[in-house]
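Trainee: just the structure for this:
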Amino acid sequence: MNTMTDNTTLDTAIARSTVGDLRHRRHTLNPNRTWLDRCGIAAQTGLEWAVARVSPLGDPHIYDTRQFPWAAGVEAEWQCIRKELDAVMTFRDQMPSFQDILKEVGAIQSDNNWKTFFLAGIGMDCAENRQRCPETVRLLGKIPGLTTAFFSILSPGKHIPAHRGAWNGILRFHLGLMVPEPRERVRIRIGNDFYSWREGEALIFDDTFNHEVWNDTSGYRVVLFVDFARPLYQPFHWLNRRLLNVGALAPFLREAGEKQKRWQDAFWKKKTA
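Mentor: The predicted structure follows:
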């Protein structure tokens with residue numbers, strides 16, 4: 001298992017960026033912000049600073065997967081997930097693009113080269129999709145505090161520009177499932193560090209740090225993409241979980257859930273007709 005932490009050799013990194021310090025949480029999209037937007041970002045920055053202070057694992061941008069005992073169990077059965085993915089990939093072209101489900105993703109993608117197959121999401125009904133991937137769903141049950149899970153499918157030549165995630169009260173887990181060669185051309189930059197996925201190996205990182213993705217190959221790159229609640233000292237862990245649950249009431253997440261269910265129901269109805 002290859003991991004990257006602040007205090008160890010980055011043996012899975014291709015290189016380290018030398019273009020300034022990119023290990024930050026600054027909001028770099030949508031520079032034309034209103035006064036209210038700036039106030040909201042300032043409040044979020046304060047809250048994220050507090051979350052980092054009450055995290056028992058510190059505040060790295062990339063975590064050692066050994067700090068999460070369940071990760072090895074998911075890795076050990078990755079081929080069960082890959083088998084179900086192979087069946088799902090037969091209808092890749094009919095899958096929704098990420099921004100078709102979550103319109104906010106439109107800030108970083110406008111084409112159809114980042115496809116999603118949702119298995120879990122806050123406020124989402126993914127029952128029909130889950131029926132097709134029972135082993136994957138079983139393994140997802142091993143992940144404490146899971147909030148989101150889907151197959152993330154990048155087309156050949158796809159580039160996702162630099163951005164940051166929504167909230168550092170969650171962490172992100174990627175499990176490499178389909179990694180085309182040459183592997184070093186399928187990579188993610190997190191802060192100033194580059195990582196290339198390996199099939200069957202996990203990466204855990206904080207997506208609120210500036211990150212960017214490339215698939216500079218002729219094949220499809222697929223990872224099992226999971227968000228889960230960041231471990232915090234109590235009572236802050238409990239408070240964070242409650243906050244994430246309340247998030248299901250947010251209008252943009254309700255809209256995403258409705259879009260996902262419409263696609264799912266229409267697609268599987270057509271398939272079984």
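Trainee: please count neighbours and contacts with C-alpha atoms only from this point.
Mentor: OK.
Trainee: in the chain, which spans are helices?
Mentor: Counting by DSSP state H, the chain has these helices, from start to end: 35-53, 69-76, 78-88, 98-101, 127-131, 134-140, 236-246, 251-272.
Trainee: tell me the mean pLDDT over the second one?
Mentor: The predicted model gives helix 69-76 an average pLDDT of 98.
Trainee: any buried residues in it, and which?
Mentor: Using 16 or more other C-alpha atoms under 10 Å as the burial criterion, the residues of helix 69-76 that qualify are 70-72, 74-75.
Trainee: for Phe151, find the nearest of the helices of the chain.
Mentor: Closest of the helices of the chain to Phe151 is helix 78-88, at 7.8 Å (criterion: C-alpha to C-alpha).
Trainee: centre of the chain to that closest one, how far?
Mentor: Shown here is helix 78-88, whose average C-alpha point lies 18 Å from the average C-alpha point of the whole chain (C-alpha atoms, centre = their mean, to the nearest Å).
Trainee: from the contact counts, what lies against it?
Mentor: If you count contacts as 3 or more C-alpha pairs under 8 Å, 6 or more residues apart in numbering; DSSP states H and E, helix 78-88 packs onto helix 134-140, strand 170-178.
Trainee: CA atoms only: put the first one into CSV for me.
Mentor: Included here for helix 134-140 are C-alpha records, laid out as CSV according to Å, rounded to 0.1, in the frame of the first residue of the first chain:
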residue,chain,number,x,y,z
PRO,A,134,-24.6,-5.6,-4.0
GLU,A,135,-21.0,-6.4,-3.2
THR,A,136,-20.0,-2.8,-3.6
VAL,A,137,-22.8,-1.7,-1.3
ARG,A,138,-21.8,-4.4,1.3
LEU,A,139,-18.2,-3.0,1.3
LEU,A,140,-19.5,0.6,1.5
